[in-house]
Structures are given as C-alpha cells and as structure tokens.
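Engineer: sequence and predicted structure below; questions after.
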Amino acid sequence: MIILSDLSEVLISGLNGTTKLIYQAYGKEAFIKCWQRIKETEEDFNNLMRGKMTEKDYYEVFFANNDFPFTEKEMRKFFSESFQLSIPGTLDFYRRIVSCPKRIHDGIKFQKGMPDIYIVSDHIAERIDEIKGYHPEIFDIVKGEFWSCELGRIKRDPHFFEDLLKELNVDAREVIFIDDSFGNILAARRAGIYGIHFMNADQLNLELFQLGFDVRPKNP
C-alpha cells in the first residue's frame, strides 16, 4: 500500500504561509494585491511549477507594471522563511503510519504490511535542495519524491496520476492521496485513487482511523 502526500500546507508551510508573512509585514492591502497578482499570473505560476520557467522569470512577470511595497529580494526571503515552518502534527503522524501495520478496510483493496509514503509536490526547482536542508526529518521517512518541476507537469494536468500509478506499478485501489487542494484531490479521484482533503493533522488522523489505520499515540 502507498500513501502519496502533498508537501506544502500538509507537512511544511508554502504559498499560504508566504502571503501571511506579507500580511504581517505590509498589511491587508499588500496581502490582497499579492493574491490577486498570483491569480492573474496563474498560468505563469503553473509553468514555474512545471519547470518551464525559472523563479526569476516568474518574478519578472509578477512585478511587471505593478507597484508592490516589497521587492523581489524580499519576496524570495518570505518564501524561504515560510518553507522553514512545519505544519503542526503531520510529521509525527506520518512517523506512526510507516511503523504501524494497517488493517484492510472493506471496499478498498489494500495490501497487508506497512505503507510507504511518497511526496508528490507541485514545486519550484530552485527550492528543492533548500527545503531538504530545512527538513531532513521529512525526507528520512519517505520512500521517494515526485516533483512537478522534474516531471514537467502539475497534479491537475491530464493523466498526471494515471502516469504516476504506472511509474509506481500499483493499482489505484492500493493508494491514498493526501493534499490541501481540493482540485488536486478531484484529479486523483478521477484516476481511481482514494483522496483525503487535508485540513489539519487531527482531521487526517480521524479519516485514516476510519479507513482502518490505528495510529493513535501509544500510552507511556
């Protein structure tokens, strides 16, 4: 059995955390304008995630003909500060998962044994080594990683998950996908994968417990 896990906003802070830092530093107006500009440049942002643009190329588009109170250098710094932050509880929960044999849940075909966890992340090529440096503890427990910038596709692109299943050589019924983006969850479900829309570690714990995982912390 395999668990595919998003990285940003599930294990570490990402774009949402970056915009929160902008809010804290420059206020609500800058925060709203930043989000609006990200939406306006969505296809360029997605191409950044696909590895078709560099981070510098994207910032040239982002800042073009726009007056922001922060500079490109400051925005890079906000991203770095955000990437250093962890989402509370998820890593400890994942550690329990990989060391806990699961049960078989009626209606879903899971193999016996301990699950493997893979990172599946839409991310910037230039940031991968930086993130691994901040969070070696995450990459110590996962079996592998799939990065959009290396695959040339993001999770919402056609056939992303079907091709991932072929790469892993597993049946969709043997896979659970965890992501904070409901659009990504829908893409995985269209491929037959069981998707869990992540909100926090407690909610994830409950949903996996209902699927047959008993990964409650052991009493001292």
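Structural biologist: Yep, that arrived.

Engineer: distance from the helix or strand where residue 43 lies to the middle of the chain?
Structural biologist: In the assignment (DSSP states H and E), residue 43 maps to helix 42-49. Using Cα atoms, centre = their mean, to the nearest Å, the mean C-alpha position of helix 42-49 is found 16 Å from that of the whole chain.

Engineer: packing partners for it?
Structural biologist: helix 55-63, helix 148-151 (3 or more Cβ pairs under 8 Å, 6 or more residues apart in numbering; DSSP states H and E). Just so you know, the C-beta spots here come from the backbone N, C-alpha and C atoms, and that holds for glycine as well.

Engineer: indicate which one of these is closest to residue 3.
Structural biologist: Nearest of the helices and strands packed on helix 42-49 to residue 3, taken as Cβ to Cβ: helix 148-151 at 18.3 Å.

Engineer: convert the C-alpha atoms of the helix or strand following the closest one to CSV, please.
Structural biologist: Sequence-wise, the next helix or strand downstream of helix 148-151 (DSSP H and E) is helix 160-168. Below are the C-alpha coordinates for helix 160-168, written out as CSV (Å, rounded to 0.1, in the frame of the first residue of the first chain):
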residue,chain,number,x,y,z
PHE,A,160,-0.7,13.0,-14.1
PHE,A,161,-2.0,10.5,-11.6
GLU,A,162,-2.5,7.7,-14.2
ASP,A,163,1.1,8.0,-15.2
LEU,A,164,2.2,8.1,-11.6
LEU,A,165,0.4,4.8,-10.9
LYS,A,166,2.3,3.3,-13.9
GLU,A,167,5.6,4.6,-12.6
LEU,A,168,4.9,3.1,-9.1
